[in-house]
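Colleague: How does the following fold in three dimensions:
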Amino acid sequence: MKKKSYLYLFLLIGVVVLVPWQAPASRGVENDRGSEARDTRPVKAKITRECRKSIERGTAWLIAAQRRDGALGADMNERPDLGCTAIGGLALLSQGNTPSTGPHREPLKLMLDYVLGTVERLSAEDDFERRYTLVRRKIGRNADLFLAGVFLSQTLGECPGYEDEVRAALNKLVDLICRTQREDGAWGEESWAPVLGTVLGWESLRASASCGLKVDASAKKAGEHLFKGMQTKGGNPGDWMQNFYKNASSVRVLYSMNYREDPVFKQCVDRILQIVKTDDRPFVQAGGEEYLAFFLVTECLLQEREAGWQSWYPTVRDKIMKQQNLDGSWTGHHCIKDRTFCTAAALLTLQAPNLCLPISNL
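Modeller: Below you'll find the predicted structure:
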């Protein structure tokens, strides 16, 4: 299903109203690194017949894993997990479903009900009221809030009867997320994959700003923090498990912050492209971090027309499909091993050419 009207609305609001979370080149100050004349027509990325079958199998497994209360756990018959539920909801949204339309509207509506109920019960004073899940341990203690924020921002405007409730929940999440940004712009430094925490924190606030919410945090500092990490960590293929997901996910933020003409950024993207072409380890040994990074970098590379970048989606698409389990799921092989998380992230990557998520165009 096409969502053009809401997409245009979100983009218009994000550009006109919320200056702090625009790309710097658009407002003419701070880190003006982009070319204003750049051709941004998206690359033609194809969801093949085989890919569509893979998506259908993965979606069927994800829905089968849903609990009666609407939540997803880390796996079948596991305790509810806010982060896994939110990313599962994003996977259904990226197919064109909404809580009121589409073949999977009912499971999506149940996921939305669960997320809204959980956010309503959140306490700003005690974050340990939430169970310390694997996703939170690996990405950061607010990882589930980041994912919930992105999910709710993408449902806003697509859920008749829920609009006020979704906006209130999203405002609550934005307040919590803004107050936990560190002075250097980062989130999640206490976790195994802190870069992903910062990227998801940025993504959640970027998505919320596009919906017209006030964001009292610094996009500029987040971008500077990630760029500094990209400069110092590099992208040595021999250290792929330590560096691949960090650099790939950082590309998502820095692309939108108009670092894309910087030589360090370009070199990093070239390394990432080389790794996915020549090394199967990021796929064969992928954890949830890699599956999420595949999606995050796909969001921006699909918008580019550079010849070298056009191979990204077909290569990643085919290699991800090869890792699908016989039951339709994907399994993480290190760190985030949750099948629901990995399956949802894999589906988001495979379905990226649908361009159904407004955030993918920001």
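Colleague: quick one: low-confidence parts of the stretch 201-350 of the chain?
Modeller: Counting by pLDDT under 70, the low-confidence segments of the stretch 201-350 of the chain come to 232-241, 305.
Colleague: Going along the chain, name the helices of it.
Modeller: Applying DSSP state H, counting those that start in this stretch to the stretch 201-350 of the chain gives helices spanning 219-233, 240-256, 263-278, 281-284, 288-301, 312-322, 339-350.
Colleague: Check which helices and strands the shortest one sits against.
Modeller: Pointing back at helix 281-284 there. When contacts are defined as 3 or more C-beta pairs under 8 Å, 6 or more residues apart in numbering; DSSP states H and E, helix 281-284 sits against helix 240-256, helix 263-278, helix 312-322. C-betas here are computed from N, CA, C, even on glycine.
Colleague: Now mean neighbour count too, for the helices of the stretch 201-350 of the chain, in TSV please.
Modeller: Listed next are those as TSV, based on neighbours: other C-beta atoms under 10 Å:
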stretch	mean neighbour count
helix 219-233	19
helix 240-256	24
helix 263-278	17
helix 281-284	17
helix 288-301	27
helix 312-322	18
helix 339-350	28
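Colleague: Show me the one of those helices that comes nearest Glu106.
Modeller: helix 339-350 (17.3 Å; C-beta to C-beta).
Colleague: Show me what the closest one packs onto, helices and strands only.
Modeller: With contacts taken as 3+ C-beta pairs under 8 Å, 6+ apart, helix 339-350 sits against helix 49-64, helix 82-93, helix 288-301, helix 312-322.
Colleague: if you set the cut-off to 10 Å instead, what comes out?
Modeller: With contacts taken as 3 or more C-beta pairs under 10 Å, 6 or more residues apart in numbering; DSSP states H and E, helix 339-350 sits against helix 49-64, helix 82-93, helix 134-139, helix 288-301, helix 312-322.
Colleague: Okay, the residue nearest to Tyr313 when sequence neighbours are not counted and Lys266: tell me how far apart.
Modeller: By the measure of C-beta to C-beta, 6 or more residues apart in numbering, the closest residue to Tyr313 outside its immediate chain neighbours is Ala45, 4.2 Å from it. Counting by C-beta to C-beta, to the nearest Å, the gap between Ala45 and Lys266 amounts to 21 Å.
Colleague: Leu347 too?
Modeller: Going from Leu347 to Lys266 by C-beta to C-beta gives 29 Å.
Colleague: ditto for Leu355
Modeller: Using C-beta to C-beta, Leu355 is found at 24 Å from Lys266.
Colleague: what does Asn247 give?
Modeller: Counting by C-beta to C-beta - Asn247 and Lys266 are separated by 12 Å.
Colleague: Any regions of the stretch 1-150 of the chain where pLDDT drops low?
Modeller: Across the stretch 1-150 of the chain, the ranges flagged by pLDDT under 70 are 1-44, 124-130.
Colleague: Try it again at 50.
Modeller: Per-residue confidence of the stretch 1-150 of the chain (counting by pLDDT under 50) places the weak regions at 1-19, 23-41, 43, 128.
Colleague: quick one: the helices in it?
Modeller: In the stretch 1-150 of the chain, helices defined by DSSP H, counting those that start in this stretch lie at 4-16, 24-27, 49-64, 82-93, 105-120, 134-139, 143-155, listed in chain order.
Colleague: send the alpha carbons of the last one over as CSV?
Modeller: As requested, C-alpha coordinates have been extracted for helix 143-155 and formatted as CSV (Å, rounded to 0.1, in the frame of the first residue of the first chain):
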residue,chain,number,x,y,z
ALA,A,143,17.2,0.6,23.2
ASP,A,144,13.6,-0.6,23.6
LEU,A,145,12.5,3.0,24.0
PHE,A,146,14.4,4.0,20.8
LEU,A,147,12.7,1.3,18.8
ALA,A,148,9.3,2.0,20.3
GLY,A,149,9.8,5.7,19.4
VAL,A,150,10.5,4.9,15.8
PHE,A,151,7.6,2.5,15.6
LEU,A,152,5.1,4.9,17.0
SER,A,153,6.3,7.7,14.8
GLN,A,154,5.7,5.6,11.7
THR,A,155,2.1,4.7,12.8
